[in-house]
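Q: Sequence and computational prediction follow.
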2 protein chains.
Amino acid sequence: MTVPSFAHYDLHAPGSRYALNTPALVLDLDAFERNVARMADIIGAHGKNLRPHAKSHKSPTIARAQIAAGAVGCCCATLDEAEVMAAAGIESILITSPVTTALKLDRLTALAGKAPDTMIVVDNPANAEALAARASAAGVRLNVIIDVELGFGRTGVTSPEAAVALGQTIKSLPSLAYQGLQAYGGHIQHTIDPDERLALCRQAHLKIDAVILALSAIDMKPGIVTGGGTGSHAIDAREGPFTEIQAGSYVFMDAEYETVIYESGKAWPFENALFVQTAVISTNVAGFVTTDAGTKAFALNGPAPRVISAGLETATYSYAGDEHGRLHLKNDAVRPVIGDVIECVVSHNDPTVALYGHYHCVRADRLVDLWDVSARR
Amino acid sequence: MTVPSFAHYDLHAPGSRYALNTPALVLDLDAFERNVARMADIIGAHGKNLRPHAKSHKSPTIARAQIAAGAVGCCCATLDEAEVMAAAGIESILITSPVTTALKLDRLTALAGKAPDTMIVVDNPANAEALAARASAAGVRLNVIIDVELGFGRTGVTSPEAAVALGQTIKSLPSLAYQGLQAYGGHIQHTIDPDERLALCRQAHLKIDAVILALSAIDMKPGIVTGGGTGSHAIDAREGPFTEIQAGSYVFMDAEYETVIYESGKAWPFENALFVQTAVISTNVAGFVTTDAGTKAFALNGPAPRVISAGLETATYSYAGDEHGRLHLKNDAVRPVIGDVIECVVSHNDPTVALYGHYHCVRADRLVDLWDVSARR
């Protein structure tokens, strides 16, 4: 696709933000840069490392900006993402989900040959043995992190005993280099009430403490304890057993995180930085207008996109198919006309980003750059 | 992304279908080819044209296969799709949604200069005037189709009077070439009960008849009447006022259409041809296993993916995040192990296809080709 190239755009021209090839993913660089700096400050103030999750943005450009602000590297949810980040020169990558098929074990060992600091999580002795066999055959050593389940039921060992059994397997395999623990509370991040979230974090911290104790008893005290997310980052950095925090969504601050209450009495330190721009294509029915952004322009696993365009802040957005949206107007006096462009805060950032090939980077009303969503898949 | 290249795969090898880089989009070419032939037969038997909707597949390779089987061209939901199809040599393209922004009007006239048979729908006199002005400035003539609203409330003129007003505007603009009507009943396609669907189709046909009559009275009898979808194709081709049918999903037959009952007493003439392959990555919790295909691997606006892997037909699928799925096992005796691959019928084909860069084309248990999802966006 050649469509979103500079050739179509009058870069840096006043108002060029509002003349994109809709639907377009819009990144406000000023807000983004403030978000990057603020998270680095928060985590750094607690003496912890920040390893932001690249699954949120899928962009080596953004990962590099986070590292320039102090991050120690990045997390990747998939081997695909890790390959893209490594190819772009990111050195310290943690793959946060197990890699289990033969084809991917080959790709992983090839990656480790080129990017030796790469780390992979493991939650099963059979997987540890498969990783070790492939690493040994390929002549590389794989850095492994034991994944610990915290109540989300997705991946990870489910008890200190299972962690110890897996640890002993890892210790017996010379082609694996044990680095520490991962413990991600996916069920905690979007807990709306801050007191409830604090309680869930403390339960999780106790579980992690028990695993650390059990592993320490077999001389496998973890060097790295990695976890946390945008919802829990402040609690995890302040009082958790972590050496590093994996938050990702903070760079964009989507409509889903807006519904979560930050620490009691405090506003979120992050700003909306990611938007979708859509154009009005039909206006023949009272009460709403039809746009060109539907379920192929917004991820569905989040709240409705929030309309931010001037005069339309009370309008609500719904989907009218894969390529169509509906802007429901509270006030038909302010009725968009065909060709008008509307901007919305994205519903849920990670899977929304995956729907686009490019970020349209803006500063105020100017389009200033295009960045690839390189690890889109 | 270089990941899904032939270099990773042992093409044509027995079993190579089951060793893909998961999550992978899998197209069963035998089933696909039968679906293409069957729809061509059904529509042809009624003396109508078939103009399959490319929004379902986003692949010029598939559009060409449909044309080789008798289709008159293709539909596109977006200008982006149309540009890809035209660049691949597809000559007769109908863009089924209005194009309204200045940037896109420029792209549309450029496209019409290269692919003069391109047609665009219009539902508003102001849009007709904008199209005509750009076409005139660019020295091209644009083929336009009046879009008629049938009860879905998305795009289209909402009355015969509005069609006539729009028709008169079109007639007054020499850079527009009037071609006919589009009338798509998006609200009808997934109506489960066939009798209810028949009644809705007949209501729609009456609306279209009224518009045809009104336009004929001003000497604008439509040459083309285009519409219909996979859900309504048989009724529309048999007794509707259409000259051509726009069905798209039939090529894949997804889990959403499976829930719809075909004509009373008859089975669907189309087979499941599109699957997602996913790998088991974690098995530490009783009752389910975790896979690597979540909300970035399946579109959410449809039923859950249907598991087809041998021994797991009673398992159900749910999402456990953007990169993770959960396979709930009815029978823990048949418990997949890590690294096992599972195939599912896709939830909703159009937006699922948009999540992938490639089709992994298979025949029985062999991977035989990779096709780009060229118009993914």
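A: Right, received. Where do you want to start?
Q: could I have stretch A:181-190 exported to PDB, CA atoms only?
A: Only the C-alpha atoms of stretch A:181-190 are listed here, as PDB (Å, rounded to 0.1, in the frame of the first residue of the first chain):
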ATOM      1  CA  LEU A 181      11.000 -13.900  37.200                       C
ATOM      2  CA  GLN A 182       8.100 -12.400  35.400                       C
ATOM      3  CA  ALA A 183       4.800 -11.800  37.200                       C
ATOM      4  CA  TYR A 184       2.200  -9.900  35.300                       C
ATOM      5  CA  GLY A 185      -1.200  -9.200  36.800                       C
ATOM      6  CA  GLY A 186      -3.300  -8.800  33.700                       C
ATOM      7  CA  HIS A 187      -6.500  -9.000  35.800                       C
ATOM      8  CA  ILE A 188      -5.400  -6.000  37.900                       C
ATOM      9  CA  GLN A 189      -4.600  -3.300  35.400                       C
ATOM     10  CA  HIS A 190      -8.100  -2.100  34.500                       C
END
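Q: Those residues of the stretch 251-377 of chain A touching chain B, which are they?
A: Contact residues (CB under 8 Å from any CB of the partner chain) of the stretch 251-377 of chain A with chain B: A:279-285, A:288, A:290, A:292, A:295-296, A:299-301, A:319-324, A:326, A:337-339, A:341, A:350-351, A:354-357, A:374-377. C-beta here means a position set from N, CA and C on the backbone, and glycine is covered the same way.
Q: and those, which of them are in strands?
A: A:279, A:280, A:281, A:282, A:288, A:290, A:319, A:326, A:341 (DSSP state E).
Q: Let's have those residues in JSON lines, adding neighbour count and pLDDT.
A: Formatted as JSON lines, these follow (neighbours: other CB atoms under 10 Å in any protein chain shown; pLDDT from 0 to 100):
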{"residue": "A:279", "neighbour count": "26", "pLDDT": "98"}
{"residue": "A:280", "neighbour count": "23", "pLDDT": "98"}
{"residue": "A:281", "neighbour count": "29", "pLDDT": "98"}
{"residue": "A:282", "neighbour count": "29", "pLDDT": "98"}
{"residue": "A:288", "neighbour count": "22", "pLDDT": "96"}
{"residue": "A:290", "neighbour count": "26", "pLDDT": "98"}
{"residue": "A:319", "neighbour count": "21", "pLDDT": "94"}
{"residue": "A:326", "neighbour count": "22", "pLDDT": "97"}
{"residue": "A:341", "neighbour count": "22", "pLDDT": "97"}
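Q: Just the buried ones from the residues of the stretch 251-377 of chain A next to chain B?
A: For these, a burial check counting by 16 or more other CB atoms under 10 Å in any protein chain shown picks out A:279-284, A:288, A:290, A:292, A:295-296, A:299-301, A:319-324, A:326, A:338-339, A:341, A:350-351, A:354-356, A:374-377.
Q: Go through the ones in strands among the residues of the stretch 251-377 of chain A next to chain B and name the one nearest residue A:149.
A: residue A:319 (34.1 Å; CB to CB).
Q: Return the residues in contact with residue A:344.
A: A:275, A:276, A:278, A:293, A:298, A:305, A:306, A:307, A:308, A:317 (CB atoms under 8 Å, 6 or more residues apart in numbering or on different chains).
Q: again, 7 Å this time
A: A:275, A:276, A:305, A:306, A:307, A:308, A:317 (CB atoms under 7 Å, 6 or more residues apart in numbering or on different chains).
Q: Once you drop chain neighbours, what's closest to it?
A: Counting by CB to CB, 6 or more residues apart in numbering or on different chains, residue A:344 lies nearest to residue A:305, which is 3.6 Å off, once chain neighbours are set aside.
Q: Residue A:74 versus that neighbour, what's the distance?
A: 27 Å (CB to CB, to the nearest Å).
Q: And residue A:262, by the same measure?
A: Going from residue A:262 to residue A:74 by CB to CB gives 24 Å.
Q: out of these two, which sits in the busier spot?
A: With neighbours defined as other CB atoms under 10 Å in any protein chain shown, residue A:262 and residue A:74 compare such that residue A:74 has more, 28 against 15.
Q: Pull out the buried residues from the helix or strand bottoming out on mean pLDDT in chain A.
A: Each helix and strand of chain A was given a mean pLDDT (mean pLDDT, DSSP states H and E); the minimum falls on helix A:255-258 at a mean of 90. Within helix A:255-258, the residues scored as buried using 16+ other CB under 10 Å are A:255, A:256, A:257.
Q: Correct me if wrong: the last one contacts residue A:249.
A: Yes - with contact defined as CB atoms under 7 Å, residue A:257 and residue A:249 form a contacting pair (5.8 Å).
Q: Overlap in contacts, those two.
A: In terms of CB under 7 Å, 6+ apart, residue A:257 and residue A:249 are both contacted by the residues residue A:230.
Q: So residue A:228 sits against residue A:247, correct?
A: Yes - at 6.2 Å, residue A:228 counts as touching residue A:247 under the criterion of CB under 7 Å.
Q: Fine, thanks again, bye for now.
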